[in-house]
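Enquirer: I would like to see how this sequence folds:
(one chain, ligands or ions: 2)
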Amino acid sequence: MENISDLASKITVLGIGSSGVKIAERLFHMPEMLGLEIIGMDTDANSLGKSSLANKTAIDSEWRGGYGCGGDVIKGQRSFSRERARIRSIIESASLLIVTGGLGGGTVTGGAPIIASEARACKKPVIFVLSIPFVFEGYNKNKLAEDGIKELLPMADILICVPNDLLFSSLSADAPVEEAFRKADEEISRAILGISELVRCGNLLSTDFSDLRSVLARRKSTCGVGVGLASDYDGLNRCHMALERVLSSPLLGGPGKIKNAHALFISVTGGSDLQIGEVKKALESVQSLARKNARMIIGANTDDAYNGKIQITLITVNFEDVASDDVEEFVSEKTFVQESAITASSSSAPEPPLSSEYEQQELPLLQISRGIFLNSSPSMYDGLDLDIPTFQRLNLVVDKGD
Ligand SMILES: Nc1nc2c(ncn2[C@@H]2O[C@H](COP(=O)(O)OP(=O)(O)OP(=O)(O)O)[C@@H](O)[C@H]2O)c(=O)[nH]1
Ligand SMILES: [Mg+2]
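Expert: Ligands and ions are numbered 1, 2, ... in the order given. Below you'll find the predicted structure:
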């Protein structure tokens, strides 16, 4: 693989286990998925049969009889081991493989490490986007998931683990379990779409392939992902809205993840109406929240499937082998970063004043969240969004009386 366009030439998304097939199905029906090869693979013939995926394949049906693994990881491992040749041919025909599913059951937890080892043998990059069970699913499922992560971490190029419990931040307490899983399908499939956008054509701003390769090559802990999609219906400030949604994306785990990341993948995708100013604002805003020496791998695309929309995807990566002085440098910097703040430009951010113990500190007025109005249509009047507090809308500076 020589460059980023080779990596993007055939992106295959492989949904494994009953959960992975559901996520793959959700992705399959998204209008923006064009160009992705989507395959569902499960030991459970019954659940596979119900899927509307065009490309689905029962695995190890001869031995398992199409009954699934019943939560037994060893059975999952054996099933995938018996099908190594088939898995290898999927990997070999892909330029980049994205594997998805929910850890905690037998098929996904047992099968994922086999896919990782085959991808290693083929020297093909593989990204895992896997969910961690809800705590209410019980200790055993969570323990299986934890063991699965330990096994996968040294083998996966990128392992994005999505704790399902994070979804509670965007679910009401009385939501049925089915709705919780539907939400998981939606968030994870959108994240996969965003990841694939990062390595796609990059017709506006091409991802630096050597940077991407060096990040993939390093040992990492699990990664976080945030996706924000906004459309013209969100009003004039759709870029700002998409940024807000990235930061409050349940799968990111809070803006603190950006501050702590050693490397960040950011992709901005829009239709032919995407403005360069929007791309600039998105990139600078994320940059202003990150540590100064964080590696930024950025890409921007236009695609007609996104006409009238803008999608920002952010992946946070933490390296395991970072020297302690690197971390200290960051700790001293982060004191001055506002939690959840989006500033228009990192370069225009004021330097924190050196102050004595008794001097009044600057008021923390950087936060420009729309708060509870985040998901509602803006109240526009005369071209102004009235849900944005007046002092921010008019860019007022508070007089400290100096
Ligand atoms: N996103 C999503 N996750 C699900 C869904 N159903 C279950 N899960 C999650 O995925 C985990 C694994 O469940 P399954 O995918 O059904 O298990 P499996 O890998 O097929 O394993 P076996 O059924 O033992 O063969 C569960 O513990 C849940 O956390 C779903 O419909 N969507
Ligand atoms: Mg199953």
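
Enquirer: only C-alpha atoms for contact and neighbour calcs from this point on.
Expert: Will do.

Enquirer: pretty sure Ile115 contacts Ala85?
Expert: No - between Ile115 and Ala85 no contact is recorded; they are 10.8 Å apart, counting by Cα atoms under 8 Å.

Enquirer: what about the two, which has more around it?
Expert: Neighbours were tallied for Ile115 and for Ala85 using other Cα atoms under 10 Å; the higher tally belongs to Ile115 (25 against 12).

Enquirer: Could you find the closest non-adjacent residue to that one?
Expert: Distances taken as Cα to Cα, 6 or more residues apart in numbering place Ile87 nearest to Ile115, at 6.9 Å, with adjacent residues excluded.

Enquirer: Which of the helices or strands spans that neighbour?
Expert: Here Ile87 sits within helix 84-93, counting by DSSP states H and E.

Enquirer: Tell me the residues on the stretch 51-200 of the chain that lie near ligand 1, please.
Expert: By Cα under 6 Å from any ligand atom, the part of the stretch 51-200 of the chain that sits against ligand 1 consists of 68-72, 102-108, 133-134, 181, 184-185.

Enquirer: Next, work out how far apart the spatially closest residue to Glu83 that is not a sequence neighbour and ligand 1 are.
Expert: Counting by Cα to Cα, 6+ apart, Glu83 lies nearest to Asp60, which is 6.7 Å off, once chain neighbours are set aside. Separation of Asp60 from ligand 1 (Cα to the nearest ligand atom, to the nearest Å): 11 Å.

Enquirer: If you tally nearby residues, what's the number for Arg218?
Expert: Number of residues near Arg218 (other Cα under 10 Å) recorded here: 15.

Enquirer: Hmm, Gly70 is touching Gly105, no?
Expert: Yes - counting by Cα under 8 Å, Gly70 does reach Gly105; the two are 7.3 Å apart.

Enquirer: more neighbours, these two?
Expert: In terms of neighbours (other Cα under 10 Å), Gly105 is the more surrounded of Gly70 and Gly105; the figures are 26 against 13.

Enquirer: Let me see the contact set for that one.
Expert: Gly17, Cys69, Gly70, Gly71, Asp72, Val73, Lys141, Leu144 (Cα atoms under 8 Å, 6 or more residues apart in numbering).

Enquirer: Quick check: it vs Gly148, distance?
Expert: Distance of Gly105 to Gly148, given as Cα to Cα, to the nearest Å: 10 Å.

Enquirer: ok, now Leu212?
Expert: 25 Å.

Enquirer: cool, Glu118 as well?
Expert: Relative to Gly148, Glu118 is positioned 16 Å away (criterion: Cα to Cα).

Enquirer: next one: Ala94
Expert: Using Cα to Cα, one obtains 24 Å as the distance from Ala94 to Gly148.

Enquirer: Name the nearest residue to Leu36, sequence neighbours excluded.
Expert: In space, Leu36 comes closest to Ile11 once its chain neighbours are excluded; the distance is 5.6 Å by Cα to Cα, 6+ apart.

Enquirer: now swap in Thr207 and tell me
Expert: If the residues on either side of it in the chain are set aside, Thr207 comes closest to Gly299, at 4.6 Å by Cα to Cα, 6+ apart.

Enquirer: can I assume the one you found sits in a helix?
Expert: No - counting by DSSP: H, G, I helix; E, B strand; the rest coil, Gly299 is located in no helix; its state is strand.

Enquirer: which residues touch it?
Expert: By Cα under 8 Å, 6+ apart, the contact list for Gly299 reads Leu198, Val199, Gly202, Leu204, Leu205, Ser206, Thr207, Ile266, Ser267, Val268.

Enquirer: List the beta-bridge partners for it.
Expert: According to DSSP bridges, the residues that bridge with Gly299 are Ser267.

Enquirer: Repeat that for Ile16.
Expert: Met41.

Enquirer: from what I can see it touches Gly106, true?
Expert: No - the criterion here is Cα under 8 Å, and Ile16 misses it with Gly106 at 10.6 Å.

Enquirer: out of those two, which sits in the more crowded spot?
Expert: In this view Ile16 and Gly106 are compared by other Cα under 10 Å, and Ile16 has more residues nearby, 29 against 25.

Enquirer: Run through the chain and note the low-pLDDT ranges.
Expert: Within the chain, the stretches falling below the threshold (pLDDT under 70) are 1-5, 201-203, 209, 213, 321-379, 381-402.

Enquirer: do that again at 80, thanks
Expert: Within the chain, the segments meeting pLDDT under 80 span 1-9, 34, 62, 166-171, 173, 198-222, 235-236, 251, 253, 320-402.

Enquirer: so what's the residue nearest to Leu36 up against?
Expert: Residues near Ile11 by Cα under 8 Å, 6+ apart: Gly35, Leu36, Glu37, Ala94, Ser95, Leu96, Leu97, Ile98, Ser196.
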